[in-house]
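Peer 1: got a structure for you, letters missing:
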């Protein structure tokens, strides 16, 4: 019996998935709160279109989600959260340059979400190790340097990053629920569609 097929591995997978779902829920709640603060402090309209400002931001929508394996879902999540970690670090640096210590509350909130994203990335890496797949190296997941944007475009990009991160938190919880329901063998094979 392979390690990933043992009863203790199945229990550990369900436990990690359950904790991951709670982490994703907390992260989404905090990102929604941060979005409200960000919009207010940056002087933006909450309904502003950010389509042109989100190049390089991972999109949570997935084609053929129900055909993905558990491992594919974990790898996509990990790549996205690694990208968000870099994007949030960049936003935090830009916020400090733009406002200095004038808006410490926004900086603390950004730093807290950045910490949650880092912790969630680590959590996904643990799940991948349990599934007998090591996480891909950071170098492979590194994003290209950000384009040079003006102040307003950076604000819109930040809004887009936070909006998409909130969507990823929802998708991650859904992915982890699916992984927790599936058996060890289905983490590498597509799961059958759920019946209504």
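Peer 2: Right, received. Where do you want to start? Keep in mind that what you see is a predicted model, and the values were worked out from it rather than measured.

Peer 1: Could you report the separation of the residue nearest the centre of the chain from residue 9?
Peer 2: Nearest to the mean C-alpha position of the chain, counting by Cα atoms, centre = their mean, stands residue 81 at 3.8 Å. From residue 81 over to residue 9 the distance is 23 Å, taken as Cβ to Cβ, to the nearest Å. (Glycine included, C-beta is placed from N, CA and C.)

Peer 1: and if you look at residue 126?
Peer 2: 12 Å.

Peer 1: low-confidence ranges in the chain?
Peer 2: Applying pLDDT under 70 to the chain flags residues 1-5, 51-54, 99-102, 133-134, 138-147, 183-196.

Peer 1: Longest helix in it, please.
Peer 2: helix 7-42 (DSSP state H).

Peer 1: packing partners for that helix?
Peer 2: Using 3 or more Cβ pairs under 8 Å, 6 or more residues apart in numbering; DSSP states H and E, the elements in contact with helix 7-42 are helix 104-130, helix 151-181.

Peer 1: most tightly surrounded among these?
Peer 2: helix 151-181 (a mean of 21; mean count of other Cβ atoms under 10 Å).

Peer 1: Which elements pack onto it?
Peer 2: Using 3+ Cβ pairs under 8 Å, 6+ apart, helix 151-181 sits against helix 7-42, helix 70-99, helix 104-130.
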